[in-house]
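Engineer: Got a predicted structure here, sequence first:
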Amino acid sequence: MTPDLFLTLGLCLAVLTIPMYLSALADSRSPRLSLLSAILAIGCIAYAMSAKPSGYTLQEVPAVVIDVLAGLVK
């Protein structure tokens, strides 16, 4: 798996963590699963940043996500 894929996976998990957390709070449940997904998201993003020697800039991130999604569809 490439660092680009881990970055995309981490960003998707991070986006999905927010509604999971809010749903758990609204239902007065413990947000265990949302915390787990947040930890996984941070881990995936941290691995992607450390695995790519030059790292990622904010300008590169949208292109990387589109490239990964295009590769999955193709």
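Structural biologist: Cool, the structure landed.
Engineer: buried residues in the lengthiest helix in the chain?
Structural biologist: If you go by DSSP state H, the chain has its longest helix at helix 3-26. Within helix 3-26, the residues that count as buried by 16 or more other C-beta atoms under 10 Å are 3-14, 17, 20-21, 24. In short, each C-beta sits where N, CA and C put it, glycine included.
Engineer: And for stretch 36-47?
Structural biologist: Ser37, Ala38, Ala41, Cys44, Ile45, Tyr47.
Engineer: next one: stretch 49-62
Structural biologist: Residues of stretch 49-62 classed as buried by neighbour count (16+ other C-beta under 10 Å): Lys52, Tyr56.
Engineer: what does it rub up against?
Structural biologist: With C-beta atoms under 8 Å, 6 or more residues apart in numbering as the contact definition, stretch 49-62 has outside contacts at Pro3, Asp4, Phe6, Leu7, Leu11, Ala48, Val64.
Engineer: any chance of those in CSV, with distance to Leu58 and pLDDT too?
Structural biologist: Formatted as CSV, those follow (distance: C-beta to C-beta, whole Å; pLDDT from 0 to 100):
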residue, distance to Leu58, pLDDT
Pro3, 16, 91
Asp4, 15, 92
Phe6, 17, 95
Leu7, 12, 95
Leu11, 12, 95
Ala48, 14, 94
Val64, 11, 93
